[in-house]
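Undergrad: pasting the sequence and the predicted model now:
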Amino acid sequence: MLDMYKITQETVKELLTKVRNANTYSIEELLTLDTRVLTILRLSVGKNRTDFAELLGKDIQTIGNLERGNKELTTLNKIKEYAEKLKKLIKFPINEEFVYKNYVNWIESIERERNERAIKIASSGGIKTSKIMTPLEKIERSRKAGLMARENNSGIHKNKNMWMIWSKIGLANAGRKVCLGPKNEKLSNELELLVGKYLYSSGINYMYEPMIKIDRYTFYPDFLVNKIIIECCYWDLKERWLYLAKKFKLFIENGFHCILVTKVSHKDFLNVIPKAVHVIFKENIENLGAAILPYGCQPPCYK
C-alpha cells in the first residue's frame, strides 16, 4: 500500500534489513548509509511524523523529505546534530514487530485524516457552489454524484442500492427541495411540481411524502391520495427503476393502488414496473384525474 508520503511496507522491510545488518548500532552510520532509516527510528518510538519533527526541533517537511530519500544530510555536523538528539530517544536493538505495528497505525491515521479533510473540503465547496447553482443544476449535480458513487463502489457501497442513499444525501446538501408546491410545500423537482399543481387545481387533496411503514421498511412516497400512491420518476438509471418496482410491489401487496408519473422518454424502463401500476406521462398529465377518479365521482377531500 502506498500512502501520501510514499513509504511502502516493502520500503519498511528494506530499511529494517539495513538497520539489522549494520555493523554497529551507530546512528551516525545509519544516517550516513541512508537517511530513510529515520522512518524506522521514528516508528520504533511510536511517533507520527509531526510529533517526531517536534522532538527533533525540525520542520515536518524536512523530516518527510529525509524519510522519503528526497533530501540528504550532506555534512558531518548535520549528521552529528541529528544523531545526538536521536540517541536520547532510540533504544537498540529495534523491536521490529513494534515497528510494523506502528507503521500500520500510522497509515490508518493518515487515511482517516485524509478522508476527514476531503469530506470537510468537499462539504464546504459544495455549500458554496450550491448557492450559485440553479435548481436544475443542483439536481443534475446530485444525479451525477449518485451515478459516480455507484460506478466506483465508493468504499462502503457493498449494497448495490447504497449509492442511491448517497445521492439523496447529495441532493439534500445541494438544496434537495428546489420547488415550492401549491400548498407551500417544498418539492424535489419539476415533475413533482407538475403533479402537485394538477392535484391542487383539480380539488384533490393530497399528502406530500407521508411516512408509510410496511413490515420493517419505512417509505416516503411522493404523493398519497386516500389509498392511492403517486410516485414521480425522472431518473434514467435502471437500478433506480428496479428499486421503484420493488416499492410498488410492496405497496400493491399491502392494499394500495399505485400511479407512476414519468416522461415519455423513459418508456423503455417501464418493462420492470408491475402491470398493476397505472402509468401517466407528464406530456399527458391531464390523464391523472381519470386514474385517480376512474368513475367520474367527486374528488375526495381528505384533511
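TA: Received, thanks. Numbering: from 1, shown residues only.

Undergrad: mind picking out the helix or strand in the protein with the poorest mean pLDDT?
TA: Using mean pLDDT, DSSP states H and E, helix 162-173 stands out as the lowest-scoring helix or strand of the chain, at a mean of 50.

Undergrad: so residue 197 touches residue 182, yeah?
TA: Yes: at 5.4 Å, residue 197 counts as touching residue 182 under the criterion of Cβ atoms under 8 Å. All C-beta spots, glycine's among them, are computed from the backbone N, C-alpha and C.

Undergrad: so how many other residues sit close to residue 109?
TA: Neighbour count for residue 109, taken as other Cβ atoms under 10 Å: 11.

Undergrad: typo on my end, residue 78
TA: Other residues lying near residue 78 total 12 when counted by other Cβ under 10 Å.

Undergrad: on that earlier part again, pull the distance from the next helix or strand after the least confident helix or strand of the chain to the chain's centre.
TA: Following helix 162-173 in sequence order, the next helix or strand is strand 179-180 (DSSP states H and E). In terms of Cα atoms, centre = their mean, to the nearest Å, the centre of strand 179-180 is set 27 Å apart from its chain centre.

Undergrad: who are the packing partners of strand 179-180?
TA: Under the contact criterion of 3 or more Cβ pairs under 8 Å, 6 or more residues apart in numbering; DSSP states H and E, strand 179-180 touches strand 186-187, helix 190-201.

Undergrad: mean pLDDT lowest for which of those?
TA: Lowest mean pLDDT of the helices and strands packed on strand 179-180: strand 186-187, a mean of 86.

Undergrad: pull up the pairing partners for that strand, direction included.
TA: Using DSSP bridges, the strands paired with strand 186-187 are strand 179-180 (antiparallel).

Undergrad: give me the contact list for the partner strand.
TA: 135, 186, 187, 188, 189, 190, 192, 193 (Cβ atoms under 8 Å, 6 or more residues apart in numbering).

Undergrad: tell me the pLDDT at the fourth one?
TA: Confidence at residue 188, expressed as pLDDT, is 80.

Undergrad: I'd like to know how far it sits from residue 266.
TA: In this view, residue 188 and residue 266 are 16 Å apart by Cβ to Cβ, to the nearest Å.

Undergrad: looking at those two, which is more packed in?
TA: residue 188 (20 against 17).

Undergrad: where do the strands of the stretch 201-303 of the chain begin and end?
TA: Taking DSSP state E, counting those that start in this stretch, the strands of the stretch 201-303 of the chain run over residues 207-208, 212-214, 217-219, 223-225, 228-232, 257-262, 278-281.

Undergrad: nearest to residue 60, out of the ones you listed?
TA: Closest approach to residue 60 among the strands of the stretch 201-303 of the chain is made by strand 217-219 (48.4 Å; Cβ to Cβ).

Undergrad: show me what the closest one is packed up against.
TA: The contact analysis (3+ Cβ pairs under 8 Å, 6+ apart) places strand 217-219 against strand 212-214, helix 238-253.

Undergrad: can you list the strands that that strand pairs with?
TA: Sheet pairing for strand 217-219, using DSSP bridges, gives strand 212-214 (antiparallel).

Undergrad: okay, now the domains of this structure?
TA: Taking automatic domain parsing as the reference, the chain has its domains at 1-131, 133-176, 179-292.

Undergrad: least reliable of those domains going by mean pLDDT?
TA: Lowest mean pLDDT within those: domain 133-176, at a mean of 53.

Undergrad: that older thread, out of the contacts of strand 179-180, give me the two with the largest separation.
TA: Among these, the pair separated by the greatest distance (Cβ to Cβ) is 186 and 190, at 13.1 Å.

Undergrad: buried subset of the contacts of strand 179-180?
TA: Among these, those buried by neighbour count (16 or more other Cβ atoms under 10 Å) are 187, 188, 189, 190, 192, 193.

Undergrad: for those residues, which one is nearest residue 38?
TA: Distances from residue 38 to those, taken by Cβ to Cβ, are shortest for residue 188, at 54.8 Å.

Undergrad: what comes up buried for the helix or strand where residue 80 lies?
TA: Using DSSP H and E, residue 80 maps to helix 76-86. Applying a neighbour-count criterion of 16+ other Cβ under 10 Å, one finds 79, 82, 83, 86 buried in helix 76-86.

Undergrad: give me the neighbour count for residue 293.
TA: If we define neighbours as other Cβ under 10 Å, then residue 293 has 16 of them.

Undergrad: do residue 245 as well
TA: For residue 245, the count of nearby residues is 17 (other Cβ under 10 Å).

Undergrad: make CSV out of the helices and strands packed on strand 179-180 and add distance to residue 219.
TA: Listed next are the helices and strands packed on strand 179-180 as CSV, based on distance: least, Cβ to Cβ, whole Å:
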stretch, distance to residue 219
strand 186-187, 17
helix 190-201, 16
